[in-house]
Structures are given as structure tokens and as C-alpha cells.
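Colleague: Quick one, structure for this:
(2 chains)
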Amino acid sequence: MIQTYINEIGQYVGKEVSIKGWLYNKRSSGKLRFLTLRDGTGLLQGVMFKDDADEGTFSLFDRLTQESSLKVNGVVRQDHRAPGGYELAIRRIELIQIAEEYPISPKEHGTAFLMDHRHLWLRSSKQHAILLVRDEIISACRDFFHERGFVLVDAPIFTPNASEGTTALFETEYFGEQAYLTQSGQLYNEAAAMAFGRVYCFGPTFRAEKAKTRRHLTEFWMVEPEMAFYDLADTMDLAEDFITYLVQRVLKNKEKELILLERDLEKLGKVVKPFPRISYDDSVQILQEKGIDFKWGEDFGAADETILSNEFDKPIIIHRYPLKSKAFYMKTDPQNHQLALCLDVLAPEGYGEIIGGGQREDKLDELEKKIKKHKLPFEVFKWYLDLRRYGSVPHAGFGLGIERTVAWICGRSHLRETIPFPRLLSRIYP
RNA sequence: UCCGGCGUAGCUCAAUCGGUAGAGCGGGUGGCUGUUAACCACUAGGUUGUAGGUUCAAGUCCUACCGCCGGAGCCA
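Modeller: Residues are numbered from 1 along each chain as shown, chains lettered A, B, ... in the order given. I've put the predicted structure just below:
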């Protein structure tokens, strides 16, 4: 008996195989029985005539409930009437467990109900497809950097310092001392870049923002490259190559899943470098020409980002934002002291910011001034300032939000479907 | 945190001017030899989010609270 998985079934036409899985659905018509089996790799239709299967198996079928676990033996054959083109002529079913009445029926459900049953919702075909795309994107991130000689140097999750400001931090206690869950691996990444040249970190990050939108999670994953001797232009090149690579990898390896999600593949196909590069100044002008009441110095709102990205059919890079609205470590533009050498990448179709980053302040005295200006405590940044004392070099980096990237590539409107167990303002269960 | 909306069967929803709870799906039972979220017949299933209030009468009106959904600020 050949033990196999549904996605490999095509190799065994005419042979008897055994598959372990769960009952996705069943139908019957007189002395004829159909079941759809799910094994994690795909769905397969099984057919059984009363005369072909043994008696125990035939009566067992009628007791099977949705999501019951079982082992099915049968002969593989090609049949155009079966979804996927192959079906199993069932000879024998071995029961593992009869499932209790399964809460998620094949009909419609509301968001709150599905989120309460996220641990079961993962079994549904769309959720399955999204998480397969996520898996592909994560492997592609690692491959991209590894192939280019970047070293993975992960940053800690417990930290004593706030990298972006103190409002959105999750506080915790660390053996009697105050600690925070990391918002970004960047500061540690800079230390790693001074050790290894080009590095990246990849892990969960935490932000206690009371943001109740489709574009925010309190726990999300970020991949952050950091490069010694890179300037802003080098970093824009890297961001372009990176996003192009991710999208093309998913198109190549997860086309089936994108089709199931009804994603417009043509739009994704257009995501190839170069991307439009627009300065903040020019972006403001574009908005004002469209009649938007936007004042220089403000940050773009979700609506503004959509207006800007709708001008193009690829991601766009917006660079050199006003310095005052940016984090303390951003390097000032030597051409214009009001601007920071930073970049954001906005995904097309209104998906908004997927990358934020820029060149870091590499001069010790400038960095000290910036810490003072932002009223941040010096003690916790002592080690960080050391990086500017011992062989400081120009360097830059960025962070890409995994869930926003998955949402954009999958064409999902809400981030909660792009991570297995989302953590939201009003949800920490299941 | 602010603004708006919604809480009715396991799920998705309906219930006219305030007049006493209804359908589809799912479950159960029976039927059907090619079904695709199968179909057909029958059937069980309700303290209408919680606590007050108005009224002869409240799912429906009022107040408070709780929960969820959508949006905003901020960000990846």
C-alpha cells in the first residue's frame, strides 16, 4: 500500500493508495457516495459504490461528520468530473475520530464568529491559501538576503529602550526592572551591521497603539535589512529589488493560491523595478494639484497615500520627509536641513506603506543632539552611541511589514487574515 | 481615544405603525447510481447581549453598561 499526500496523487494513477486526513464535505446519491478529503496539501474527491466497498466502510460513511479524521484507501483514477482532475475509488475507510458537530459550515459566517474560531478557520481553503502565500513570502525574504550575502543576526524581543517613541510600547517587568517588547530590531541591527557589514533580522514586533483599523496589528512580523556603507540611493535600489523578488516568487510558486483568492495576476505582474521615486515635496505638490488641502510638514493619511499610489501601477518610493516628524536616528539631508534621508514604499491599489526606513545618523555629536531634542534618556542609548565612537560609517536600512505585504499580494482588505493568530486591539483569543 | 453602526435559533439574517418569533444553512430521520456549498420530504431547535424604565402590551421606544463591526488619528 502506498502512503501518499493529495498533492502527489497524480503520480499514482491506477494504483491503490492510502491517504490520512479529514472529511471536508460529503454527498450521496442513492447507492453512490462522494466525499471530499482534506489532508493539508489539498482536497481530493473520493467515490464509493455500494457494491465496491466493504459493508463496514459503506455504513461508516453515513456516520461521518464534517472534519472527522480518517484514513482512506482506494485506487487513483483520472476523471474530469472530479475537482482537481483526480479522484479516489474508495475501497476502505478507517475511522480515527468522529468529529463533534463542526461550527464552521460551508455557508457564510460573520467576521466575529470566524475570529473566535480562528483555530478552526485555518482549515478553510481561503485561509489556507493566504497562509501558504505568507510561507512563500517568508522563505523568499530569507532567500533574497541569504543569496546576496546578508547575515541573519536576530535582535532581542525584550529591550530596555524605546526606538520610536514611548507611546506605543508594551511594558513588562524584567526581574524587577522595567522592560519593553521590541517595536523594531533596528538599533541592534545597526550594531550587527558594524560587525558583519550587511545583515538582516526577522521577527515579531509589538506596538501598543490603540489603532483599530484594517491596517494594524499589535503583534506583527518585520524583516529589517541594515547595511554598512549604504546611502539612501543604495537603499532605494535594494528595496526595489527586494519587492520585485518577493512578488515574482509568489507569482511563480503560488499562482494556484492567488487564483483561488481571486487576485488580479496582471496587476502583480507589473511589479518590476524600477519604481517611481518621488520626493515628499513633489508628493505634497501632487496632492495640492488634486485639490487636497494638505500642508507641508504633515504626515500623509491613509486617503492621501491612496491618492498618491493610484497615480501609478507599481509600488512607489517616497523619500526625504520633514525631519521633525521622524524618529531621532534619521540622518538630516545635507542639501536641506528640514528633511530626513528616509524612504517609505507604498504598495499600489491603496494598500499603503509596506516599507519604512532610511539612512541613519552616523555622527556622534549630531546623534547626541537628536536624542536631546527628542527628550530621550541617554543611559539606555549608551551602547548605541558607542557605534558612532568606534569606526562609525554611513549606513542605512529599512523594515518591511510581512502582514501588509501578504495582504497586498493576496488582495485581502484586512491584516487579520494574513497571520495565523492575529493580535488586535480587542482580541487576544484564541 | 473619538465618530458611526449592529447585538434575535449552532451560523447568516427576517419580523410593516409597539400587538406576543420566522426562513435558509447546519443537526436528526427517510429517499435518490456522478455528486461538486448536491437535491427532495419530514423533524427538533428561542430567557431576542445585560440591567433598569415607559406602556394594557416591548425584539421594536428610552437610559446605562458590555461586546462586536466599520472609519479616523498613528504606523509596518
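
Colleague: For the residue of chain A found nearest RNA strand B, what are phi and psi?
Modeller: Proximity of chain A to RNA strand B (C-beta to the nearest atom of the strand) peaks at A:G30, 1.7 Å away. Every C-beta, even on glycine, is put in place using the N, C-alpha and C of the backbone. A:G30 adopts backbone torsions of phi 70, psi -120, taken as degrees, to the nearest 10.

Colleague: burial count for it?
Modeller: 7 (other C-beta atoms under 10 Å).

Colleague: Now do the contacts for it.
Modeller: Listed by C-beta atoms under 8 Å, 6 or more residues apart in numbering, the contact set of A:G30 is empty.

Colleague: Kindly report the same for the one 3 residues further on.
Modeller: Contact criterion C-beta under 8 Å, 6+ apart gives A:K26, A:R27, A:V47, A:M48, A:F49, A:F58, A:F61, A:I90 as the residues in contact with A:R33.

Colleague: still on that earlier bit, how much space between the residue of chain A closest to RNA strand B and A:F49?
Modeller: 10 Å (C-beta to C-beta, to the nearest Å).

Colleague: same deal with A:N25?
Modeller: To A:F49, A:N25 is 19 Å away according to C-beta to C-beta.

Colleague: for the record, mean pLDDT for stretch A:110-128?
Modeller: When pLDDT is averaged over stretch A:110-128, the result is 91.

Colleague: With stretch A:272-290 instead?
Modeller: 93.

Colleague: and it, how far out from the chain's middle?
Modeller: Here stretch A:272-290 is found 26 Å from its chain centre; the criterion is C-alpha atoms, centre = their mean, to the nearest Å.

Colleague: what's the burial count for A:R92?
Modeller: By other C-beta under 10 Å, neighbour count at A:R92 equals 16.

Colleague: Next up, the contacts around it.
Modeller: Contact partners of A:R92, counting by C-beta under 8 Å, 6+ apart, are A:A53, A:D54, A:T57, A:V72, A:N73, A:G74.

Colleague: Let's see that with 6 Å instead.
Modeller: Shown in contact with A:R92 (C-beta atoms under 6 Å, 6 or more residues apart in numbering): A:T57, A:N73.

Colleague: Identify the bridge partners of it.
Modeller: Following DSSP bridges, A:R92 is listed with bridge partners A:N73.

Colleague: Next: A:F158.
Modeller: Beta-bridge partners of A:F158, as defined by DSSP bridges: A:L181.

Colleague: mind checking how far it is from A:L152?
Modeller: 19 Å.

Colleague: between the two, which one's more packed in?
Modeller: Neighbour comparison, A:F158 and A:L152: the larger count goes to A:L152, with 14 against 10 (by other C-beta under 10 Å).

Colleague: Contacts only, for the more buried one.
Modeller: Counted by C-beta under 6 Å, 6+ apart, A:L152 has zero contacts.

Colleague: And A:N253, by the same measure?
Modeller: Applying C-beta under 6 Å, 6+ apart, the residues contacting A:N253 are A:E136.

Colleague: Give me the pLDDT value at it.
Modeller: 97.

Colleague: How about the backbone phi and psi for it?
Modeller: Residue torsions, per degrees, to the nearest 10, at A:N253 are phi -100, psi -10.

Colleague: re earlier: give me the pLDDT value at the residue of chain A closest to RNA strand B.
Modeller: Per-residue confidence (pLDDT) for A:G30: 86.

Colleague: Might you report the residue contacts of the residue with the largest distance to the centre of chain A?
Modeller: Distance from the C-alpha centroid of chain A peaks at A:D51, with 49.2 Å (C-alpha atoms, centre = their mean). Counting by C-beta under 6 Å, 6+ apart, A:D51 makes contact with nothing.

Colleague: Where does it sit: helix, strand or coil?
Modeller: State at A:D51, reduced to three classes by DSSP: H, G, I helix; E, B strand; the rest coil: coil.

Colleague: what about it, distance to A:K31?
Modeller: From A:D51 to A:K31 the distance is 8 Å (C-beta to C-beta).

Colleague: mean confidence score for stretch A:69-84?
Modeller: 92.

Colleague: Any buried residues in it, and which?
Modeller: Going by neighbour count (16 or more other C-beta atoms under 10 Å), the buried part of stretch A:69-84 is A:L70, A:V72, A:N73, A:G74, A:V75, A:V76, A:A82.

Colleague: If I follow the layout properly, the second one ends up in contact with A:I19?
Modeller: Read it as A:V72. Yes. With contact defined as C-beta atoms under 6 Å, A:V72 reaches A:I19; the gap is 5.3 Å.

Colleague: just to revisit the earlier point, among the contacts of A:R33, which ones are in helices?
Modeller: Secondary structure from DSSP state H places A:F58, A:F61 of these in helices.

Colleague: For PyMOL, write the selection for the buried entries among the contacts of A:R33.
Modeller: The following PyMOL line selects those of those that are buried, judged by 16+ other C-beta under 10 Å:
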select buried, chain A and resi 26+47+48+58+61+90
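
Colleague: Now do the contacts for A:P103.
Modeller: A:H117.

Colleague: A:L64 versus that one, what's the distance?
Modeller: 17 Å.

Colleague: Kindly report the same for A:L323.
Modeller: Applying C-beta to C-beta to A:L323 and A:L64 gives a distance of 65 Å.

Colleague: Compare these two (neighbour count), which wins?
Modeller: A:L323 (20 against 17).

Colleague: How about the backbone phi and psi for the nearest residue to that one once chain neighbours are set aside?
Modeller: Leaving aside its chain neighbours, A:L323 sits nearest to A:A340 (4.4 Å; criterion: C-beta to C-beta, 6 or more residues apart in numbering). Torsion angles at A:A340 (phi, psi; degrees, to the nearest 10) stand at phi -110, psi 150.

Colleague: ok, now A:T405?
Modeller: The phi/psi pair for A:T405 (degrees, to the nearest 10) reads phi -70, psi -40.
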